[in-house]
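Undergrad: predicted model follows, preceded by the sequence.
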Amino acid sequence: MPARNILVINCGSSSIKFALVNEAHSQFALSGLAERLGSHEAVLHWQRGGERDSLMIPNADHRAALAQLLPLVHGAAGGKLHGIGHRVVHGGERFTSARKIDAQVVAAIQATAPLAPLHNPANLLGIEAAIRLYPNLTQVAVFDTAFHQTLPEYAYRYALPEPLYREHGVRRYGFHGTSHRYVSHRAAELAGLALGDSSWLSAHLGNGCSTCAIVNGQSRDTSMGLTPLEGLAMGTRSGDVDPNLHSHLARTLGWSLEQIERMLNHDSGLQGLSGLSHDMRSLEQAREQGHAGATLAIEVFCYRLAKSLAAMSCALPQLDGLIFTGGIGENSALVRSKTVAHLKLLNLALDPQANARCIRGVAGPIQAYGHPRVLVVPTNEERQIALDTLALLTN
Ligand code: ADP
């Protein structure tokens, strides 16, 4: 059987990220982004081989953008596209793994929208447009939450009145599941361990950040909760704050719920602490030049990350390794070393040269000799979504 091609689609409210994954090749045959959809400035950017190109698609919506993409995908796939994998943010308690998309699955994604009001409707726009354009192709939904459905109840329940859970689904769900799953598989391969008999801490550090405890290939705890705001300090999200902060700000400053939500999601985290940028690369440069806000933002980010990892260690029977991934985890030797420096009680220590070497896609162990394993593992959510889609094609 010739190697199969899967188109992976990740839809936001005004954007579509895409990648064409061939099962036999590690590089994407085609990848890109349609952005500012629905506006006059809508534009499609793509990369094929070493070449980049763009096309203005004024006023294109999701469907029009996907239609523009079609000839590019067919060209890059040699006319052979075997399936489409869609990233869906929230699968609630309904979805514990990837699913072939049919009318019932679409209805269930719609029904979960109150838990992810920005993301699930955007994901559905992409699904509906792709079904219309490719009615005869298998389409698969891969959920960010599904991997965490193995959390024990004592890890996913909040200490809140029970009817809030039973009647309204208020519980911890967790996100970034596709990434934590992918990197734990790769880590087990790199370490020569059986995934089904290994225990990992994983730190996915991108613009959104989360930690996860993975035992025998299953998620046992994770730092994000009902929404992706819980847990670590992130690019623009606060992570954990005192739950009374809302009422305090409403009472003392007269802020509305919308203002508070906007502040916690968009003006906080690295951005809020530094007053400079949400971007770790920029903050590292500013820290070098003595910028106090950037220095503090990095300190807070690493300390909170270490605290979360220490908390996650409660879920492990033993520690086979700590995994760093995501744009920051894969590239910031500074964040890795500052974080590990807070974890002496777990006996963690880094080899500075190995730590410095593992950047820009280089994977490998970075621990000091004789200390527990610490691995840098580049994530590849698109590839994991394609693998999940292929598995359902085969079935
Ligand atoms: P997203 O969550 O949007 O997929 P990424 O995983 O690409 O984001 O991560 C983005 C973050 O990674 C940004 O904070 C960026 O500054 C950081 N990053 C990328 N390269 C480096 C680098 N060389 N050093 C430090 N941080 C980096």
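TA: Thanks, I have it.

Undergrad: which residues of the chain fall in strands?
TA: Here the chain has its strands, by DSSP state E, at 5-11, 16-22, 30-35, 43-48, 51-56, 83-88, 99-100, 138-143, 199-205, 209-215, 218-222, 321-325, 364-365, 374-376.

Undergrad: now those strands as JSON lines including mean pLDDT, mean neighbour count and distance to L273?
TA: Backbone N, C-alpha and C define where each C-beta goes, glycine included. As requested, the strands of the chain are exported to JSON lines (pLDDT from 0 to 100; neighbours: other C-beta atoms under 10 Å; distance: least, C-beta to C-beta, whole Å):
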{"stretch": "strand 5-11", "mean pLDDT": "96", "mean neighbour count": "26", "distance to L273": "28"}
{"stretch": "strand 16-22", "mean pLDDT": "96", "mean neighbour count": "23", "distance to L273": "28"}
{"stretch": "strand 30-35", "mean pLDDT": "96", "mean neighbour count": "20", "distance to L273": "28"}
{"stretch": "strand 43-48", "mean pLDDT": "96", "mean neighbour count": "17", "distance to L273": "31"}
{"stretch": "strand 51-56", "mean pLDDT": "95", "mean neighbour count": "11", "distance to L273": "34"}
{"stretch": "strand 83-88", "mean pLDDT": "97", "mean neighbour count": "26", "distance to L273": "29"}
{"stretch": "strand 99-100", "mean pLDDT": "97", "mean neighbour count": "18", "distance to L273": "40"}
{"stretch": "strand 138-143", "mean pLDDT": "97", "mean neighbour count": "25", "distance to L273": "31"}
{"stretch": "strand 199-205", "mean pLDDT": "98", "mean neighbour count": "27", "distance to L273": "16"}
{"stretch": "strand 209-215", "mean pLDDT": "98", "mean neighbour count": "28", "distance to L273": "14"}
{"stretch": "strand 218-222", "mean pLDDT": "98", "mean neighbour count": "23", "distance to L273": "23"}
{"stretch": "strand 321-325", "mean pLDDT": "98", "mean neighbour count": "26", "distance to L273": "21"}
{"stretch": "strand 364-365", "mean pLDDT": "98", "mean neighbour count": "15", "distance to L273": "31"}
{"stretch": "strand 374-376", "mean pLDDT": "98", "mean neighbour count": "25", "distance to L273": "25"}
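
Undergrad: got these as TSV, with distance to the ligand columns?
TA: Below are the strands of the chain laid out as TSV (distance: least, C-beta to the nearest ligand atom, whole Å):
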stretch	distance to the ligand
strand 5-11	10
strand 16-22	9
strand 30-35	11
strand 43-48	15
strand 51-56	18
strand 83-88	12
strand 99-100	24
strand 138-143	16
strand 199-205	7
strand 209-215	8
strand 218-222	16
strand 321-325	8
strand 364-365	16
strand 374-376	12
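
Undergrad: so which bits of stretch 281-296 are buried?
TA: L283, E284, A286, R287, H291, G293, A294, T295 (16 or more other C-beta atoms under 10 Å).

Undergrad: ok, now stretch 249-265?
TA: So, applying 16+ other C-beta under 10 Å, buried residues of stretch 249-265: L249, W255, I260, M263, L264, N265.

Undergrad: give me the distance between the closest residue to the fifth one other than its chain neighbours and P228.
TA: Of all residues beyond its chain neighbours, the one nearest L264 is S238 (4.8 Å), with distances taken as C-beta to C-beta, 6 or more residues apart in numbering. Distance of S238 to P228, computed by C-beta to C-beta, to the nearest Å: 11 Å.
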